[in-house]
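In: I'll drop the sequence and a predicted model, then ask my questions.
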Amino acid sequence: MDNKELRIGVVGVGAIGRTHIERINDQLQGGRVIACSDVNTEFGKKVAENYGCTFYEDGEEMIASGDIDAVIVTTIDPYHEQYVMAAIKAGIYVFCEKPLAPEAEACKRIVEAEISGGKQLVQVGFMRRYDQGYRQLKEAIKNRTYGEPLLLHCAHRNPAVDESYDTPMAVENSMIHEIDVLRWLLDEDYDTAEVVFAKNTRRTHANLMDPQIMILTTKSGVRIDVEAFVNTGHCYDIKCEVCCEDAILNLPEPSNIEVCANAVRGHAIHSDWSTRFVDAYNVEIQEWINSTKEGRVDGPTAWDGYVGQVTAKAASKARDNQTVVKIEMEEKPDFYN
Ligand SMILES: NC(=O)C1=CN([C@@H]2O[C@H](COP(=O)(O)OP(=O)(O)OC[C@H]3O[C@@H](n4cnc5c(N)ncnc54)[C@H](O)[C@@H]3O)[C@@H](O)[C@H]2O)C=CC1
Ligand SMILES: O=C1[C@H](O)[C@H](O)[C@@H](O)[C@H](O)[C@H]1O
């Protein structure tokens, strides 16, 4: 491995962008965020000053500058494609937070550009694959320790979302995590998608049906239901129960001390993605730095991002038409094997 520190730029220094800067510069090894950019110039300049980075008003200029070896894209979803394409054009490695792009066609354009460039450069931020609990589930399923997986019951619960978060985002922005991690867990692709609704919570707004249930089947017939409830009012709660022929497997709950006080016994639960999966983010970004320095993409690829969005769009079509939609997908290019 090249001993030089990986020079990293970050475009989009909002919530997760800053957590990635902090983990890279304060905790992880082998890389350093030395530059950043944000469309909100005044805010971005303050962030750059706070973290000792060079600020670029234009993210594409930062990417093309030659001053960075790799870029992390943490803008809002609609601008991922712009910066991922700029990184491919500049020939530098790019870590793009999920989703790769909100539209499947945009993901396909990225795949085609990467193939045309002749080198894999793109990793997508599906960090659940780096969570120890999901990795334990994958080991048991891969080894068929408890027989064939038959049914999965999952839940993706947020404490609250803002008014910009609408009905399609429950699938295309949030449950995209389950779409990716479950196909990785089961090592197979999906066959059909469906979305049904429950009674709306009073905590939702006019543009968001909440909760929703997405139902997927896989090519081998495994049936999956995922609850998205993004206005619970209190918890960030991720569930994954795998019903196998000989056992029921559950994603472990993160451990916190049990407190017995005032005639109440209990333990703290998470209220945010940044704490619930902090270890997974750290492993994900450390492994990304390591593989990037060795000139490889080891994590979720642009093809995984494309498959995820095709599946999400099929689920959205099923939701809008209240039907079951067959997921049509071309073969994976050899470039990604
Ligand atoms: N892997 C995970 O678990 C998570 C992933 N994410 C993803 O990360 C991305 C960012 O999410 P948050 O940090 O929560 O959003 P945020 O809204 O806190 O930050 C987004 C930042 O991007 C900037 N921005 C927007 N348009 C831009 C453009 N055209 N050029 C440059 N900068 C631009 C905004 O000014 C803002 O500072 C989203 O794609 C989201 O899906 C977010 C949370 C968790
Ligand atoms: O990626 C994320 C977070 O990890 C949350 O789980 C989602 O609910 C959120 O919408 C999304 O930004």
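Out: Now that the structure is in, tell me what you want to look at. Numbers count the residues shown, from 1 in each chain. Ligands and ions are numbered 1, 2, ... in the order given.
In: stretch 109-129 close to ligand 2?
Out: No: Stretch 109-129 does not reach ligand 2 (Cβ under 6 Å from any ligand atom); its nearest approach is 8.0 Å. To be clear about C-beta, it is placed using only N, CA and C from the backbone, and glycine gets the same treatment.
In: quick one: distance of that stretch to the chain centre.
Out: 14 Å (Cα atoms, centre = their mean, to the nearest Å).
In: could you report the neighbour count for the residue in the stretch 101-250 of the chain that ligand 2 sits nearest to?
Out: Closest approach of the stretch 101-250 of the chain to ligand 2 (Cβ to the nearest ligand atom) occurs at residue 174, with a separation of 3.6 Å. Around residue 174 sit 24 other residues, with neighbours defined as other Cβ atoms under 10 Å.
In: and what of the one 5 residues further on?
Out: Residue neighbour count, defined by other Cβ under 10 Å, stands at 30 for residue 179.
In: centre of the chain versus the helix or strand harbouring it, how much separation?
Out: Here residue 179, judged by DSSP states H and E, is contained in helix 176-186. Relative to the chain's own centre, helix 176-186 is displaced by 10 Å; criterion: Cα atoms, centre = their mean.
In: what helices and strands are in contact with it?
Out: Helices and strands touching helix 176-186, by 3 or more Cβ pairs under 8 Å, 6 or more residues apart in numbering; DSSP states H and E, are helix 132-142, strand 149-157, strand 212-218, strand 223-229, strand 237-244, helix 302-321.
In: gap between the closest residue to residue 122 other than its chain neighbours and residue 126?
Out: Excluding the flanking residues, the one nearest residue 122 by Cβ to Cβ, 6 or more residues apart in numbering is residue 302, at 4.1 Å. To residue 126, residue 302 is 12 Å away according to Cβ to Cβ, to the nearest Å.
In: show me which of these two is the more surrounded one.
Out: Ranked by neighbour count (other Cβ under 10 Å), residue 302 and residue 126 place residue 302 first, with 30 against 24.
In: my read: that one touches residue 110, true?
Out: Yes: here residue 302 reaches residue 110: they are 5.0 Å apart, a contact under Cβ atoms under 8 Å.
In: who touches both of those two?
Out: Each of 84, 100, 122 lies in contact with both residue 302 and residue 110 under the rule Cβ atoms under 8 Å, 6 or more residues apart in numbering.
In: so what are the domain limits for this structure?
Out: 6-128+279-309, 132-270 (automatic domain parsing).
In: just the ones you listed: most buried one?
Out: domain 6-128+279-309 (a mean of 20; mean count of other Cβ atoms under 10 Å).
In: check which helix or strand the closest residue to residue 136 other than its chain neighbours maps to.
Out: Leaving aside its sequence neighbours, residue 136 sits nearest to residue 252 (Cβ to Cβ, 6+ apart; 7.3 Å). In this structure, residue 252 sits in neither a helix nor a strand according to DSSP H and E.
In: would you quantify the distance from residue 252 to ligand 2?
Out: According to Cβ to the nearest ligand atom, to the nearest Å, residue 252 and ligand 2 sit 17 Å apart.
In: if we can go back for a sec, list the contacts for the residue nearest to residue 122?
Out: 84, 100, 107, 110-111, 114, 120, 122, 124, 336.
In: mind listing which of those residues are in helices?
Out: Among these, the members falling in helices are 84, 107, 110-111, 114 (criterion: DSSP state H).
In: out of those, who's nearest residue 218?
Out: Comparing the ones in helices among the contacts of residue 302 against residue 218 with Cβ to Cβ picks out residue 107 as the nearest, at 20.6 Å.
In: any idea of the pLDDT on the closest residue to that closest one other than its chain neighbours?
Out: Of all residues not flanking residue 107 in the chain, residue 306 sits nearest, at 3.9 Å (Cβ to Cβ, 6+ apart). In this model, residue 306 is scored at 98, pLDDT.
In: how far away is the residue of the stretch 1-150 of the chain found nearest ligand 2 from ligand 1?
Out: Residue nearest to ligand 2 within the stretch 1-150 of the chain (Cβ to the nearest ligand atom): residue 98, separated by 6.0 Å. Separation of residue 98 from ligand 1 (Cβ to the nearest ligand atom): 5 Å.
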